[in-house]
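**Q** Provided below are the primary sequence and the corresponding predicted coordinates.
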Amino acid sequence: MNSVEVTNLTKIFKTQVSNNITALDNVSLSIGEGIIFGLLGPNGAGKSTLMNCIIGYLNPDKGKILLKGDDTSELNLKYRLHIG
């Protein structure tokens, strides 16, 4: 079983002007249990946005995040506070 499973994750930040910012566009990844994982990329690539979605600080606009098989959109706040 994977500890983290991200499927087709999209996060769009709304701006006051007509141009919205797509921070994540259909991102998918799987991280197995016990695996040490690094997330690398240039500034503005969406690394922090992805991690903030995984820990529940941000809600994705589309896609699914599973932590040990549990859908994060269905987890209560008490459980989510212990993630990360």
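**A** It's in. Numbers count the residues shown, from 1 in each chain.

**Q** got any ranges where this structure has weak pLDDT?
**A** 76-84 (pLDDT under 70).

**Q** again, only this time at 90
**A** 1-2, 15-19, 37, 55-57, 67-84 (pLDDT under 90).

**Q** which one's the longest helix in this protein?
**A** helix 47-54 (DSSP state H).

**Q** and it, what does it pack against?
**A** Here helix 47-54 touches strand 2-13, strand 21-32, strand 62-67, going by 3 or more CB pairs under 8 Å, 6 or more residues apart in numbering; DSSP states H and E. (Each C-beta comes from the backbone N, C-alpha and C, glycine too.)

**Q** alpha carbons only: can I get the shortest one in PDB?
**A** Presented in PDB, the C-alpha positions along strand 62-67 are these (Å, rounded to 0.1, in the frame of the first residue of the first chain):
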ATOM      1  CA  LYS A  62      -9.700  18.700  -8.900                       C
ATOM      2  CA  GLY A  63      -8.100  15.400  -8.200                       C
ATOM      3  CA  LYS A  64      -7.800  13.100  -5.200                       C
ATOM      4  CA  ILE A  65      -5.300  12.600  -2.400                       C
ATOM      5  CA  LEU A  66      -5.100   9.400  -0.400                       C
ATOM      6  CA  LEU A  67      -3.100   9.000   2.800                       C
END
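
**Q** that's all I had, so thanks and see you.
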